[in-house]
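Undergrad: this one's sequence-less:
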Ligand SMILES: NC(=O)C1=CN([C@@H]2O[C@H](COP(=O)(O)OP(=O)(O)OC[C@H]3O[C@@H](n4cnc5c(N)ncnc54)[C@H](O)[C@@H]3O)[C@@H](O)[C@H]2O)[C@@H](O)CC1
Ligand SMILES: Nc1ncnc2c1ncn2[C@@H]1O[C@H](COP(=O)(O)OP(=O)(O)O)[C@@H](O)[C@H]1O
Ligand SMILES: [Mg+2]
């Protein structure tokens, strides 16, 4: 039976920070995305991961936009990728440049993929290094399913990306929608966060619902913010289902704060600015 997400359950999904921790203990995350057209998506994802309380975020973008991305914020550590799009070569070069002890990575937002093998190589290599993975946007393709099945991976499709991956458009009605997502998650042994006015988060066994009632959140980039929150929380709580549920909840609350302030005129960076106030409610230091 699907369970509606409450703050009380989400509190348990966000681990406390240790008083004597050192830089890196609270998460090292890679964000792999971006293209000439979409420079913002990986930045939104990276800033959201940082604001979730992660210590270090590595923003991996094609060289063609790396200087513009660098200019956006000194909080970003930018790793330029060769080629305009993800190729076998740029994937292999990137794998040699990433820090060795990454906790999680989120891949796909704004990314152009020129060679399927490039995406497969990154996913296979990082998951073999025990890096928790979140796939979004351009990485949500059918051919990647064999590489993610049974691995520590969460998929964050909207309905269109779900159809592209699994061949069926999720119905609007909750019960059949939940059944379809649970079936896909179970058959592919992954966690799926199906985005929409109500997010459905499931591993095929346990399912959470996050109804938001926030019409303003259709603005571009709110899903990129979510992908950063998923990766940031995965880096702390290595539980795919709990981290995805918590990310959906935080993203929704950040959207609520933004809509309360700006009505139907929010932009995705409003959500980034709202994350600290939302997540402070869950802060614990031990
Ligand atoms: N500032 C930026 O750099 C931004 C970059 N973005 C990137 O833009 C790329 C394209 O993103 P889009 O999500 O627009 O993908 P698309 O526009 O490619 O959407 C894929 C397909 O799904 C359909 N679709 C989308 N949402 C749907 C829904 N809720 N129900 C049914 N069908 C739906 C679309 O009509 C389209 O046919 C992604 O890589 C994304 O990360 C966007 O996130 C917007 C912001
Ligand atoms: N009508 C809606 N009400 C509430 N939240 C929504 C609605 N439509 C989309 N969302 C949320 O907005 C985000 C959209 O993600 P996505 O489509 O990937 O956007 P983008 O790719 O532009 O970042 C998701 O977090 C989803 O939960
Ligand atoms: Mg998206």
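TA: In hand now; what should we look at? Quantities reported herein were computed from a predicted structural model and do not represent experimental measurements. Ligands and ions are numbered 1, 2, ... in the order given.
Undergrad: can you name the residues bridging to residue 29?
TA: Assessed by DSSP bridges, residue 29 has beta-bridge partners residue 57, residue 104.
Undergrad: which intervals of the stretch 51-200 of the chain have sub-threshold pLDDT?
TA: Low-confidence segments of the stretch 51-200 of the chain, defined by pLDDT under 70: none present.
Undergrad: can you list the residues of it near ligand 1?
TA: For the stretch 51-200 of the chain, the residues in contact with ligand 1 (CB under 6 Å from any ligand atom) are 109-110, 137-138, 158-160. Using the backbone N, CA and C atoms, a C-beta is placed for each residue, glycine as well.
Undergrad: quick check: the two most widely separated of those?
TA: By the measure CB to CB, 110 and 159 form the most distant pair in those, at 19.3 Å.
Undergrad: out of those two, which sits in the busier spot?
TA: Neighbour comparison, residue 110 and residue 159: the larger count goes to residue 110, with 26 against 16 (by other CB atoms under 10 Å).
Undergrad: looks to me like that one is in a strand.
TA: No. Under the criterion used here (DSSP: H, G, I helix; E, B strand; the rest coil), residue 110 is coil, not part of a strand.
Undergrad: hmm, it is touching residue 39, no?
TA: Yes. Between residue 110 and residue 39 there is a contact at 7.1 Å, judged by CB atoms under 8 Å.
Undergrad: ok, residue 130 - contacts?
TA: residue 152 (CB atoms under 8 Å, 6 or more residues apart in numbering).
Undergrad: gap between it and ligand 1?
TA: 26 Å (CB to the nearest ligand atom, to the nearest Å).
Undergrad: rewinding a little: pick the one among the residues of the stretch 51-200 of the chain next to ligand 1 closest to residue 285.
TA: Proximity of these to residue 285 (CB to CB) peaks at residue 109, which lies at 31.0 Å.
Undergrad: quick check: chain neighbours aside, which residue is closest to residue 196?
TA: Using CB to CB, 6 or more residues apart in numbering and skipping the chain neighbours, the partner closest in space to residue 196 is residue 159 (6.2 Å).
Undergrad: look up phi and psi at the one you found.
TA: For residue 159, the backbone dihedrals (degrees, to the nearest 10) come out as phi -60, psi -40.
Undergrad: OK, contacts around it?
TA: So residue 159 contacts 169-170, 194-196 (CB under 8 Å, 6+ apart).
Undergrad: for ligand 2, what's its nearest residue on the chain.
TA: Nearest residue of the chain to ligand 2 (CB to the nearest ligand atom) works out as residue 223 at 2.1 Å.
Undergrad: confirm that residue sits in a strand?
TA: No. Judged by three-state DSSP, residue 223 forms no part of a strand; its state is helix.
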